[in-house]
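In: have a look at this prediction, sequence included:
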Amino acid sequence: MFALNLTTEWMAWVQALAVPLHRRAAWRLASVVVGILTAHGRRTASSWWRAAAVGDRFRSYYYFLDAVGRKTAQVAAVLLGLVLHRIPPGERLLFAIDDTPTKRYGPEVQGAGIHHNPTPGPAGAKFLYGHNWVVLSRIASHQRFGTISLPLLGSLYVRRKDIPDLPAKAGIDFRTKLELATEQLAWAAKVLPESCPRWIAVDGAYAKREFLKGAKRDGFVVVARLRKDAALFDLPPVIPPGQKRGRGRPRIYGKGRLSLAKRAGQPRAWQDVEVRTTTGVTVTKQVKTFLATWQPAGGLVRVVIIKEADGSWRAFLCTAAEATVESIVQAAQDRWGIEQSFHDLKEVEGIEQVQLRRVWANVGALNINLWVHTLIELWAWDRPSSELIGRDDRPWDDAERRPSHADRRRALQRTMIEEEYRRRSGSGGVTEKIRQLFENVVRLIA
């Protein structure tokens, strides 16, 4: 049976990721990565084994996924180090946390349940059966490609009513999505350098006291979506110098209630700021900002209202009152990068098709897919667009469009095939006709 080999750079990365795993099984990680990168058709786990040519040893690879699932935090710490080495933090490190479901089929899938469907589609299905994952990603800004999301760690959320259906040896206790997200921040705080400012961008579902308190404890600045009816209050009164305050501790919250709708409806105090979209295009946004106090955040926050082109508005909070409006709006805009990575993981990587039953095997398979996704982005980070895309055979397509994750993945596959060809052909030369035939075949299959 034939299987491609990883490139030299990829082999070094995978060997580094395999260090936290047991040395008797760590070598299997390279074969799993090869299978994920080269599998075609439905991306089931068995298609990985077929692409990696594991043969009759396939049973040990299923158990290997279980082992990886129990070591995800340790392996993800190594991956975060690789990410920071390839893409320096800059002025700040921006992360994003969100949850996404993956469809599963069959009553024997451990940990699966009924979850809200964020993309109901034409059928309008409000719910789906499957797993739900809380994912932590680093958000990086590329000079030419825009916002890139680099998934690092995925945690499985299991509903309380589904916990009794899990085997006792699984050792999984019920934790809410907020608890899982807070644990991921605590994990990141232990791995990250203390000198670099840390920001985390989330949607409104995570703008809760439990998450905000944990983020503050771990040194993260939070940018989150605000409900339009959020109970905001003004600032507490400032005591003039020389005047004694009354008994008790100083006030944290003001007495006056603030209305986001009234603030957004006022035609005054709007200002223009320029931000980059996820595709790298610079646009101008109309915003309005003010300071307020909010009990879930434990005190002072900066509120930013963004007016959209259709006249609607959205409100965001930042737990760092001294933060600039431009940085808050940019962080809120960059958060959409994690949504794009979820789309790519499902449509390109095929994470919904693995067909695994054991809970820890599903955790291991999901996280390996996250890591492969991130490594593909790292591999393509410094490469020119001409090396990643080739649209000569598609004159109807936009030649200037940035390379998608699928383009980057295909470019990596072509590189693996070319290196394998050179390795096997040796030093002997080939005719021009054979070389052109080889290039056309590579273009067809990758």
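Out: Okay, I see it. Numbers count the residues shown, from 1 in each chain.

In: got the end-to-end distance for stretch 354-361?
Out: Using CA to CA, to the nearest Å, the end-to-end distance of stretch 354-361 comes out at 10 Å.

In: and if you look at stretch 142-151?
Out: Stretch 142-151 end-to-end distance (CA to CA) = 16 Å.

In: where exactly do the helices run in this protein?
Out: 8-17, 28-38, 45-52, 58-69, 72-86, 177-191, 209-217, 260-265, 325-334, 336-347, 359-380, 385-388, 405-425, 432-445 (DSSP state H).

In: with respect to burial, which of the ones you listed scores highest?
Out: helix 359-380 (a mean of 24; mean count of other CB atoms under 10 Å). Backbone N, C-alpha and C define where each C-beta goes, glycine included.

In: name the helices or strands packed onto that one?
Out: helix 8-17, helix 28-38, helix 58-69, helix 72-86, strand 127-142, strand 146-157, helix 336-347, helix 405-425 (3 or more CB pairs under 8 Å, 6 or more residues apart in numbering; DSSP states H and E).

In: check contacts around the residue lying closest to Pro151 once chain neighbours are set aside.
Out: Sequence neighbours aside, Leu370 is the residue nearest to Pro151 in space, at 3.9 Å (criterion: CB to CB, 6 or more residues apart in numbering). Leu370 makes contacts with 135, 151-154, 345, as judged by CB atoms under 8 Å, 6 or more residues apart in numbering.

In: try 7 Å this time
Out: For Leu370, the contacting residues are 135, 151-152, 154, by CB atoms under 7 Å, 6 or more residues apart in numbering.

In: walk me through the domains of this structure.
Out: 8-203+337-380, 223-238+251-334, 393-445 (automatic domain parsing).

In: for the nearest residue to Arg92 once chain neighbours are set aside, report the pLDDT, please.
Out: Spatial nearest neighbour of Arg92, excluding adjacent residues (CB to CB, 6+ apart): Pro197 at 4.3 Å. Pro197 is assigned 91 on the pLDDT scale.

In: quick check: the gap between Pro197 and Ala331.
Out: Distance, Pro197 to Ala331, using CB to CB, to the nearest Å: 12 Å.

In: ok, back up a step: can I get the helices and strands packed on helix 359-380 in a markdown table with mean pLDDT?
Out: Supplementary listing: those in a markdown table, determined by pLDDT from 0 to 100:
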| stretch | mean pLDDT |
| --- | --- |
| helix 8-17 | 96 |
| helix 28-38 | 96 |
| helix 58-69 | 95 |
| helix 72-86 | 97 |
| strand 127-142 | 96 |
| strand 146-157 | 97 |
| helix 336-347 | 96 |
| helix 405-425 | 86 |
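
In: between those, which gets nearest to Asp229?
Out: helix 336-347 (23.7 Å; CB to CB).

In: just checking, what packs against the closest one?
Out: strand 93-103, strand 127-142, strand 146-157, helix 359-380 (3 or more CB pairs under 7 Å, 6 or more residues apart in numbering; DSSP states H and E).

In: so how far is it from its chain's centroid?
Out: With CA atoms, centre = their mean, to the nearest Å as the basis, helix 336-347 stands 8 Å off its chain's centre.

In: using PDB, list the CA coordinates for it.
Out: Extracted in PDB, the C-alpha atoms of helix 336-347 (Å, rounded to 0.1, in the frame of the first residue of the first chain):
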ATOM      1  CA  TRP A 336     -15.800  36.600  13.100                       C
ATOM      2  CA  GLY A 337     -12.600  34.800  12.100                       C
ATOM      3  CA  ILE A 338     -13.500  31.900  14.400                       C
ATOM      4  CA  GLU A 339     -16.900  31.500  12.600                       C
ATOM      5  CA  GLN A 340     -14.900  31.200   9.300                       C
ATOM      6  CA  SER A 341     -12.700  28.500  10.800                       C
ATOM      7  CA  PHE A 342     -15.800  26.600  11.900                       C
ATOM      8  CA  HIS A 343     -17.100  26.700   8.400                       C
ATOM      9  CA  ASP A 344     -13.800  25.500   7.000                       C
ATOM     10  CA  LEU A 345     -13.500  22.700   9.600                       C
ATOM     11  CA  LYS A 346     -16.900  21.400   8.600                       C
ATOM     12  CA  GLU A 347     -16.900  22.000   4.800                       C
END
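
In: contacts for it?
Out: 96, 98, 100, 137, 139, 147-149, 151, 278, 351-352, 369, 373, 405.

In: hmm, 8 Å instead?
Out: With CB under 8 Å, 6+ apart, helix 336-347 has contacts from 96-98, 100, 102, 135, 137, 139, 147-151, 278, 351-352, 369-370, 373, 404-406.

In: quick check, pLDDT for Ala168.
Out: 90.

In: could you do Ala26 as well?
Out: 95.

In: so it touches Val14, yeah?
Out: No - counting by CB atoms under 8 Å, Ala26 sits too far from Val14 to count as a contact (9.6 Å).

In: how near is the nearest residue to Leu366 once chain neighbours are set aside to Arg225?
Out: Among residues not flanking Leu366 along the chain, Gly154 sits closest, at 5.0 Å (CB to CB, 6+ apart). From Gly154 across to Arg225, the span is 22 Å (CB to CB).

In: quick one: which of those two has more around it?
Out: Applying other CB atoms under 10 Å to Gly154 and Arg225 shows that Gly154 carries more neighbours, namely 27 against 19.

In: what is the burial count for Lys307?
Out: With other CB under 10 Å as criterion, Lys307 counts 15.

In: what sits against it?
Out: 264, 270, 285-288, 313.

In: try it again with 7 Å
Out: Contacts of Lys307 (CB under 7 Å, 6+ apart): 270, 286, 313.

In: list only those of the residues you listed flagged as buried.
Out: Trp313 (16 or more other CB atoms under 10 Å).

In: keep only those of the contacts of Lys307 that are in strands.
Out: 286, 313 (DSSP state E).

In: return the member of the contacts of Lys307 nearest to His131.
Out: Trp313 (34.8 Å).

In: so that closest one versus Leu128, what's the distance?
Out: With CB to CB as the criterion, Trp313 and Leu128 are 31 Å apart.

In: what sits closest to Leu156 if chain neighbours are left out?
Out: Using CB to CB, 6+ apart, the closest residue to Leu156 is Val363 (5.4 Å).

In: got it, and Ser31?
Out: Ala52 (4.4 Å).
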